[in-house]
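Asks: Test case, fold it:
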Amino acid sequence: MNTPFNFTRALIIVTVLFTCIGHAQETKREFYELKTYLIKNEDQENRVDHYLKNAYLPALKRQGIKNIGVFKVRPNKFTKADKIYILIPFASLDQFEKLEASIAVDKEHLSSGKDYITAKYNDPPYQRISSTLMRAFSGMPHMRPSQVSTPRSERVYELRSYESPTEATYKNKVAMFNEGGEVDLFESIGANAVFYAEVISGSQMPNLMYMTTYADMAQRDALWEKFFASEKWTELKNDEHYKNNMNKADIFLLYPTSYSDY
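Replies: Have a look, this model is predicted:
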């Protein structure tokens with residue numbers, strides 16, 4: 001005897017399958033930690049550099065973490081170059097959670113980073129550390145280390161943070177990048193994006209962050225002019241659906257250290 005086709009049951013099964021697929025795709029999005037060292041002088045800069053290069057980054061790589069970026073502020077007369085940025089990608093929150101405990105018992109890390117790790121309270125290697133935790137956009141779920149090949153001192157790694165007035169307008173700005181096509185626009189002009197991400201935990205929420213890269217300042221300026229002159233950007237900025245979804249933009253122009261992975 002043939003069982004009659006149950007349309008409702010079939011629809012439920014299909015819906016569940018698509019939901020499961022969607023969840024599986026969501027879990028593939030990377031997480032990023034942006035650690036920022038505030039330093040006060042050249043001595044602290046040298047000590048943090050030595051620790052990162054010889055102890056911390058090698059320890060991360062022993063944990064299977066690759067594509068670690070380390071950046072400093074491009075020198076200019078308006079911005080004080082007192083920060084070192086470390087961008088660390090994680091495959092999951094579980095990997096992020098277990099990292100500190102893992103490197104705390106890493107003998108090579110403890111040995112190579114001894115001077116930093118055991119620094120005296122009255123002679124610290126930095127002023128403070130801040131940390132921002134992010135999740136990659138669905139429109140670019142994985143980091144793409146920059147392929148810029150000019151000398152590191154000439155490169156421009158532009159880190160941007162866009163704050164929104166409310167959680168709802170923040171979600172709208174994220175959608176503007178993903179569904180609206182802002183990610184695709186950057187791709188079309190050759191902006192060499194490293195990542196786009198939603199900030200999960202940080203000091204300036206609600207906000208998103210992203211990084212684009214350029215061979216030098218001349219290319220950076222030319223590509224931003226191309227961005228603002230594009231038909232796509234004119235369409236997006238005039239779209240009523242995306243109006244008033246951002247109220248502050250912080251722009252950091254950086255360059256990669258000699259020991260940064262890219």
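
Asks: Please make it C-alpha for all contacts and neighbour counts, starting now.
Replies: Will do.

Asks: how close does residue 110 get to residue 121?
Replies: For residue 110, the distance to residue 121 equals 18 Å [CA to CA, to the nearest Å].

Asks: pLDDT weak spots in this structure?
Replies: Residues of the chain that meet the criterion pLDDT under 70 lie in 1-27.

Asks: residue boundaries of the strands in it?
Replies: 31-38, 69-73, 83-90, 128-136, 156-163, 195-201, 207-214, 248-256 (DSSP state E).

Asks: OK, contacts around the residue nearest to residue 226 when sequence neighbours are not counted?
Replies: Leaving aside its sequence neighbours, residue 226 sits nearest to residue 189 (CA to CA, 6 or more residues apart in numbering; 7.2 Å). If you count contacts by CA atoms under 8 Å, 6 or more residues apart in numbering, residue 189 has them with 223, 226, 227.

Asks: Indicate which one of the strands of the chain is closest to residue 148.
Replies: With CA to CA as the criterion, residue 148 lies closest to strand 207-214 of the strands of the chain, at 6.7 Å.

Asks: now that closest one: how far from the chain's centre is it?
Replies: With CA atoms, centre = their mean, to the nearest Å as the basis, strand 207-214 stands 7 Å off its chain's centre.

Asks: what sits up against it?
Replies: Outside strand 207-214, the residues that touch it by CA under 8 Å, 6+ apart are 146, 148, 155-164, 170, 174, 191-199, 220.

Asks: Tell me, how many residues neighbour residue 121?
Replies: The burial count assigned to residue 121 is 7, neighbours taken as other CA atoms under 10 Å.

Asks: For it, what are phi and psi?
Replies: Dihedral pair for residue 121: phi -60, psi -30, per degrees, to the nearest 10.

Asks: how close does it sit to residue 127?
Replies: Distance of residue 121 to residue 127, computed by CA to CA: 11 Å.

Asks: on that earlier part again, for the strands of the chain, give me a markdown table that also has distance to residue 115 and mean neighbour count.
Replies: Formatted as a markdown table, those follow (distance: least, CA to CA, whole Å; neighbours: other CA atoms under 10 Å):
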| stretch | distance to residue 115 | mean neighbour count |
| --- | --- | --- |
| strand 31-38 | 17 | 21 |
| strand 69-73 | 20 | 21 |
| strand 83-90 | 18 | 21 |
| strand 128-136 | 17 | 18 |
| strand 156-163 | 30 | 22 |
| strand 195-201 | 30 | 22 |
| strand 207-214 | 32 | 23 |
| strand 248-256 | 24 | 18 |
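
Asks: and of those, who's closest to residue 61?
Replies: strand 83-90 (10.6 Å).

Asks: Brilliant, that's me finished.
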